[in-house]
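Undergrad: mind looking at a prediction? Sequence and model below.
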Amino acid sequence: MSRLALASAYLRTRLLRRWLTSRNRIERWQQPRLARLMHDATRQVAFYRGFRDKDLSALPLVDKREVMARFQDFNRLGLMAAQIWSMIDRGEAPKGYDVGCSTGTSGNQGLYLVSDQERFVWLGTLVAKAIPLSLLRQHRVAVVLPRSSRLYDAANESKLLKLRFVDLRLGLQSAAETLAAFKPDVVVAPPKALRWFAENDVAIAPRTMFSSAEVLDPPDREVIERRFGLNLRQIYMATEGLFGVSCERGTLHLAEDVVHFEFEPVAGSPDLVVPVVTDFTRRTQIMARYRMNDILRLDSRRCPCGSALQAVAEVIGRRDDVFVLPNRDAARPDVMVTPDVLRNAVLAADRSIDDFRIRQTGENRIDIVLPLHVGVSATEGVRTAVLVACTQLEARPVVEMQHEALQPRNDAKLRRVENCWKPSAA
């Protein structure tokens, strides 16, 4: 049954690439599936029982905090978060299901509960979007992440791919040795790892590379593409599901064939949005009108690949890494400064800067850390550029400059822009 689910998902995804050529067709595809999701969720899952016979728009928006606090109310088995954690610790799962957790970038780990059929649907969809049909005969895929998952085991169980999980917690050197021995055709890894492989001339020659799990910054892309001689693609995926994959042209398309997206505008920005997702392929743990912690910049242009799936110009970062600074006019509201504004200011200040950390550490304080090789002139240029960017938004923070030997952690996601200060911490 699971292999049938994989084959069905793979074929459906490939066929939909040809059929979903307009927004009207995407809506026609989604509407009956959203209706079936509402029918099932309101009869099988506690949180949604009060919304029987209503439309999706009637559901309240939820987020990770609420889902984690009431996990038993969002899954068909009625399992509590504590029970899932206990299963993860023991390496167990209910028969016919899989459980897992995120790496917990912010210390707030998310949980997932999926059926075996759902994880094979996930795999079939991902493979159809990411790997060319002509290369599917025992393709060698390396997934480099700090935590494994039985979602990846589905690939080897299917015999469709030969997949090797590479544990980043063992260090980048260990990962490099594993990759060199495995000789993958496809590598999926965070950009910090891909860049390290590029800069250390790791002996691999993949045909395709995907950046995943972290924000892909321009300096990283440049180094990776130059070293490996390919166009770096992206997989937009989280504990909550698969949300997007770059096409062969390099455009990141949202996975609207399996997920319905709504978009909330980001205050103070004309073109940034927060995605609200509804996955209509899942029935074990319901993800309906779930507000993600991500900020996206959408692209209104039609991709040359022909797909009408919504294009994403950039994954900006996390909502909780938006800096909130006092307005220069104390009578006016605080100023929100999104990660892209700060990142772009640093990169535009001096082209020699290829790494940095920007942190809000106080109500009106920003700390910027640059590599040791960055000189006085470039350092002052960065400070000025960030001040100018903030001033244009009516903020005037204190900007402190530091220099360190910057090294990414193996066990945590790289966050170059991070809000380390919250009002409650004051």
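TA: That came through, no problem. Computed from a predicted model, the values in this text were never measured in an experiment.

Undergrad: may I ask which helix or strand encompasses Val374?
TA: In this structure, Val374 is located outside every helix and strand according to DSSP states H and E.

Undergrad: what residues are up against it?
TA: Asp350, Ser352, Ile353, Val382, His403 (CB atoms under 8 Å, 6 or more residues apart in numbering). For the C-beta atoms, the positions are set from N, CA and C on the backbone; glycine is no exception.

Undergrad: can you count the residues close to the first one?
TA: What that stands for is Asp350. 18 (other CB atoms under 10 Å).

Undergrad: and for the third one?
TA: Summarising burial for Ile353: neighbours were counted as other CB under 10 Å, giving 19.

Undergrad: mind checking how far it is from Val346?
TA: 6 Å (CB to CB, to the nearest Å).

Undergrad: spit out the residues that contact these two alike.
TA: Counting by CB under 8 Å, 6+ apart, the residues touching both Ile353 and Val346 are Val382.

Undergrad: Pro265: which of the contacts of Val374 is nearest?
TA: Closest to Pro265 out of those is Val382 (29.5 Å), distances taken as CB to CB.

Undergrad: check contacts around the nearest residue to Ile235 once chain neighbours are set aside.
TA: Nearest residue to Ile235, sequence neighbours excluded (CB to CB, 6 or more residues apart in numbering): Ser212, at 4.3 Å. Contact analysis of Ser212 by CB under 8 Å, 6+ apart lists Leu145, Val188, Ala189, Pro190, Gln234, Ile235, Tyr236, Met237.

Undergrad: and Ser212, backbone torsions?
TA: phi -150, psi 160 (degrees, to the nearest 10).

Undergrad: tell me the pLDDT at it?
TA: Ser212 carries a pLDDT score of 94 in this model.

Undergrad: scan the contacts of Ser212 and report the most crowded one.
TA: Val188 (28 neighbours).

Undergrad: low-confidence stretches in the chain?
TA: 1-2, 103-107, 132-137, 148-160, 424-426 (pLDDT under 70).

Undergrad: okay, now the domains of it?
TA: 2-319, 322-425 (automatic domain parsing).

Undergrad: quick check, distance from the last one to the centre of its chain.
TA: Its chain's average C-alpha position is 22 Å from that of domain 322-425, according to CA atoms, centre = their mean, to the nearest Å.

Undergrad: where's the closest residue to Phe263 other than its chain neighbours, which helix or strand?
TA: Sequence neighbours aside, Val273 is the residue nearest to Phe263 in space, at 3.9 Å (criterion: CB to CB, 6+ apart). Using DSSP H and E, Val273 maps to strand 272-279.

Undergrad: who touches that strand?
TA: 34, 37, 56, 61, 240-241, 243, 254, 258-266, 287-292, 294-298, 316, 319, 338, 340.

Undergrad: looking at the contacts of Val374, which is nearest Lys422?
TA: When the contacts of Val374 are compared against Lys422 (criterion: CB to CB), the nearest one is Val382, at 25.1 Å.
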